[in-house]
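Chemist: Could you work out the structure for the sequence below:
(chains A and B)
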Protein chains: 2
Amino acid sequence: MEGEIYNISVMKIYFAGSITGGRDDSELYLEIIKLLKNYGNVLTEHVGNDKLTQMGEKISDKEIYERDIAWVKESDVLIAEVTHPSFGVGIEISRATEFKKKVICIYRDKEGKRLSAMISGCPGVLVFKYQKIEELIEFFSKNL
Amino acid sequence: MEGEIYNISVMKIYFAGSITGGRDDSELYLEIIKLLKNYGNVLTEHVGNDKLTQMGEKISDKEIYERDIAWVKESDVLIAEVTHPSFGVGIEISRATEFKKKVICIYRDKEGKRLSAMISGCPGVLVFKYQKIEELIEFFSKNL
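Modeler: Numbers count the residues shown, from 1 in each chain, chains lettered A, B, ... in the order given. As a prediction, the model looks like this:
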């Protein structure tokens, strides 16, 4: 139809992973971000950057906080990798539920470890346990 | 004066420390809780219990979440020991700032480590860096 306007909205994804809590999983974060980019715009691509160390970013803490919370607010869905404990990821999950966002936590189960009850008991948070990236591919295809 | 009613309100303190994130500091938490009991009623005494392991408590995750958030709401001040990363403590700090509570984070600085920007950059959060319990005694006497 002539003059028709197509309003294709791209899903905005906030990916949350540990930074100052530890960078052991940064390669995995990068793989997950690559998968997520098939579904929308990942606002937090820097989380998978292998040059980003535990010492964090070069902007001030207040600027980081304000930027990240603005991104949480702007996002359609927050996906958090929650195998390694992190204050920042906890705060982002809490804010996302406060803003009524869709929240998905992905977690690699290990013997002798348990996911925080403050995440698995939090209303509005969906937890998906996985071991291999292939399981995430299938999970994302069904849930995003 | 005859018939006068004394309304002595006791400060309610929410002490936050890592549980599923790791119990390395549980003895320190116990010492801090002992100090805090000089200033009011500590709602979360179980955080310092040396029998409480990383596997958590015996009630359901939903019950833990609901109880803890109700305590955050009820408290006058939240004091979090934030040396070890923890999702639960991050969520508790976030909720406490949402409820406009006084929030104090105490932190032991270590070389090569940095406190999460999501805590130090969060409006309404006071961070106190310390090394020894004696510094906490003085800090609490001035700030509680």
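Chemist: got any ranges where chain A has weak pLDDT?
Modeler: A:1-4, A:7 (pLDDT under 70).
Chemist: ranges for the strands of it?
Modeler: With DSSP state E as the criterion, chain A has strands at A:11-16, A:40-42, A:77-81, A:102-107, A:125-129.
Chemist: closest one to residue B:109 among these?
Modeler: Closest of the strands of chain A to residue B:109 is strand A:11-16, at 25.0 Å (criterion: Cβ to Cβ). Yep, even glycine has a C-beta here, placed from its N, CA and C like the rest.
Chemist: Sheet-wise, list the partners of the closest one with their directions.
Modeler: Paired strands of strand A:11-16, with direction, are strand A:40-42 (parallel), strand A:77-81 (parallel) (DSSP bridges).
Chemist: Could I get the ones you listed in a markdown table, plus columns for mean neighbour count?
Modeler: Output for those, formatted as a markdown table (neighbours: other Cβ atoms under 10 Å in any protein chain shown):
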| stretch | mean neighbour count |
| --- | --- |
| strand A:40-42 | 17 |
| strand A:77-81 | 24 |
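Chemist: And these: which comes nearest residue B:116?
Modeler: Closest among these, using Cβ to Cβ: strand A:77-81, at 14.2 Å.
Chemist: hmm, back to that, switch the strands paired with strand A:11-16 over to JSON lines; also include distance to residue B:75.
Modeler: Below are those laid out as JSON lines (distance: least, Cβ to Cβ, whole Å):
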{"stretch": "strand A:40-42", "distance to residue B:75": "37"}
{"stretch": "strand A:77-81", "distance to residue B:75": "26"}
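Chemist: tally of neighbours for the residue in chain A that chain B sits nearest to?
Modeler: Per Cβ to the nearest Cβ, residue A:90 is where chain A lies closest to chain B, at 2.3 Å. Counted with other Cβ atoms under 10 Å in any protein chain shown, the neighbours of residue A:90 add up to 32.
Chemist: quick one: contacts for the closest residue to it other than its chain neighbours?
Modeler: Spatial nearest neighbour of residue A:90, chain neighbours left out: residue B:90 (2.3 Å); criterion: Cβ to Cβ, 6 or more residues apart in numbering or on different chains. Going by Cβ atoms under 8 Å, 6 or more residues apart in numbering or on different chains, residue B:90 touches A:86, A:87, A:88, A:89, A:90, A:91, A:93, A:94, B:116, B:118, B:119.
Chemist: these two touch, right, the first one and residue B:87?
Modeler: Yes. Applying Cβ atoms under 8 Å, one finds residue A:86 in contact with residue B:87, separated by 6.7 Å.
Chemist: which helix is the longest one in chain A?
Modeler: helix A:61-74 (DSSP state H).
Chemist: Tell me which residue lies nearest the centroid of chain A.
Modeler: residue A:15 (2.4 Å; Cα atoms, centre = their mean).
Chemist: so how far is residue A:74 from that residue?
Modeler: Separation of residue A:15 from residue A:74 (Cβ to Cβ, to the nearest Å) stands at 13 Å.
Chemist: For these two, list the residues in contact with both.
Modeler: residue A:43.
Chemist: circling back to that earlier point, close to chain B, is the longest helix of chain A?
Modeler: Yes. Part of helix A:61-74 sits near chain B under the criterion Cβ under 8 Å from any Cβ of the partner chain, namely A:61, A:62, A:63, A:64, A:65, A:66, A:68.
Chemist: All good on my end, thank you.
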